[in-house]
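Peer 1: I'd like to go over a predicted model; first the sequence, then the structure.
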Amino acid sequence: MYEDGARFTGPKTFRIDRPGGPVDISAGRIVVATGGRPLVPAPDAEAGLPYETSDTVMRNEAPPRRLADLGGGCIAAELAEVFTEMGSSVTIVEKEERLLGPQDETVSERFTSLVRSRYDLRHGREGTALGGRPGALRLTLDDGSAVEADMLLVAVGRVPNGDRLNFEAAGIATHEDGRVRVERHQRSSADGVFAPGDVCSPVSLKHVANREAEVVAHNLSRPDDLIACDHEVVPAAVFTQPQIASVGATEQDCRDKGLDYCVCIADYGDIAYGRAMEDITGFCEVLAEPGTGRLLGAHLMGAQAATLIQPLLLAATLGIDATTLATSAYWIHPALTEVVEKAFLDLGL
């Protein structure tokens, strides 16, 4: 095993840069699983002052007293939750008007409203300069205001690591964003070269990378019995307080595509378990195709959302329509899953 950097020098051949001298290796089959890395934009990369990313921030011995969290996506939101629970005062700086922008607009709007009381939220703002000194940083924003912090976390996204591997020499085609182009069996354009995970995947999630790795392992050992990876129905969750989970299209997706759809939102407070929890913010939103009841998308925000999404995921994956799912199976009372049942029934299909 080598723990040094490597890059392709030709088809099925790569060079490992070792302190004692380079090592050239060739192989009949190669798996490129180099993942991705945090995206670090200016001013942080050029300021010469310390900053953390999702790869490094949890390695600190103690949480900061004041954390400036640059970004408004799922990574930024989850880490804000972690450090708030550890006692840090968190300021979130996000260039968009809402946090979790790619989520369904109802989720994004309600989550942003909920966390205002937990964080110093600077939305619609961007950082323009980083000053101060280590342990006493000052992030200047584009409106002239500033955020004082002991630590800066840069969590604005991730990029694939393919740009460091000289894919062109190996004949490995890539997308415009640098991801390896793979077909449904995870094979690249270069003979014998496979790729799973963030270096190639259109969906940067651990469970997706796990599935792709399983497909690669199977296809390497059984080349005459290939299996494929399907990204059509992929669930996702954000482990914040409250939890968020989703699968399929958002309402804005449906509008942008001109789809005919119906939508229903069932609140946790509408069912017995939710009332017992005194939950006044949790909800389940479902979008379905009128007439057929085909599930187009589902979105939850509240306790156990990452678990409650599972029956909705199965319905979308297996093509079970909303009416069939709601009326054919028993839904345990007073379990929290009744919020899913209610959302389906209230679609009025």
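Peer 2: Structure's in. What do you need? Residues are numbered from 1 along each chain as shown.

Peer 1: got any ranges where the stretch 1-150 of the chain has weak pLDDT?
Peer 2: For the stretch 1-150 of the chain, the stretches flagged by pLDDT under 70 are 42-47.

Peer 1: that one: strands as residue ranges?
Peer 2: 6-10, 13-16, 23-26, 30-31, 36-38, 66-70, 89-94, 120-123, 127-133, 136-141, 146-149 (DSSP state E, counting those that start in this stretch).

Peer 1: contact partners for residue 280?
Peer 2: By Cβ atoms under 8 Å, 6 or more residues apart in numbering, the contact list for residue 280 reads 267, 268, 269. For every residue, glycine as well, the C-beta is placed using N, CA and C.

Peer 1: same thing with residue 66?
Peer 2: So residue 66 contacts 88, 89, 91, 148, 149, 150, 151 (Cβ under 8 Å, 6+ apart).

Peer 1: farthest pair in these?
Peer 2: The largest separation in the contacts of residue 66, counting by Cβ to Cβ, is between 88 and 148 at 13.3 Å.

Peer 1: out of the contacts of residue 280, grab the one that's most surrounded.
Peer 2: residue 268 (28 neighbours; other Cβ atoms under 10 Å).

Peer 1: surely it touches residue 274?
Peer 2: Yes: Residue 268 lies in contact with residue 274 (Cβ atoms under 8 Å); the separation is 3.2 Å.

Peer 1: in terms of neighbours, single out the busier of residue 88 and residue 148.
Peer 2: Legend: neighbour count by other Cβ under 10 Å for residue 88 and residue 148, higher for residue 88 (20 against 12).

Peer 1: from the contacts of residue 280, which is closest to residue 77?
Peer 2: Distance to residue 77 across these (Cβ to Cβ) is lowest for residue 268, with 20.0 Å.

Peer 1: separation between that closest one and residue 124?
Peer 2: 30 Å (Cβ to Cβ, to the nearest Å).

Peer 1: could you do residue 78 as well?
Peer 2: 22 Å.

Peer 1: could you do residue 212 as well?
Peer 2: 36 Å.

Peer 1: any idea which helix or strand comes after the helix of greatest length in the chain?
Peer 2: In the chain, with assignment by DSSP state H, the single longest helix is helix 206-221. Using DSSP states H and E, the helix or strand that follows helix 206-221 in sequence is strand 236-238.

Peer 1: sheet-wise, list the partners of that following strand with their directions.
Peer 2: The strands that strand 236-238 pairs with in its sheet are strand 244-248 (antiparallel) (by DSSP bridges).

Peer 1: other residues contacting the partner strand?
Peer 2: Applying Cβ under 8 Å, 6+ apart, the contact partners of strand 244-248 are 100, 103-104, 107, 111, 233-238, 287, 295-301, 305-306, 308-309, 312-313, 316.

Peer 1: quick one: the helices in the stretch 201-349 of the chain?
Peer 2: 206-221, 251-256, 272-277, 305-318, 322-328, 338-345 (DSSP state H, counting those that start in this stretch).

Peer 1: can you count the residues close to residue 289?
Peer 2: The burial count for residue 289: 17, using other Cβ under 10 Å.

Peer 1: with the one 4 residues further on instead?
Peer 2: Counted with other Cβ under 10 Å, the neighbours of residue 293 add up to 19.

Peer 1: okay, now the domains of the protein?
Peer 2: When the chain is parsed with automatic domain parsing, its domains come out as 6-31+159-221, 44-156, 237-345.

Peer 1: now those domains in a markdown table, with distance to residue 37?
Peer 2: Putting these into a markdown table (distance: least, Cβ to Cβ, whole Å) gives the following:
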| stretch | distance to residue 37 |
| --- | --- |
| domain 6-31+159-221 | 6 |
| domain 44-156 | 7 |
| domain 237-345 | 21 |
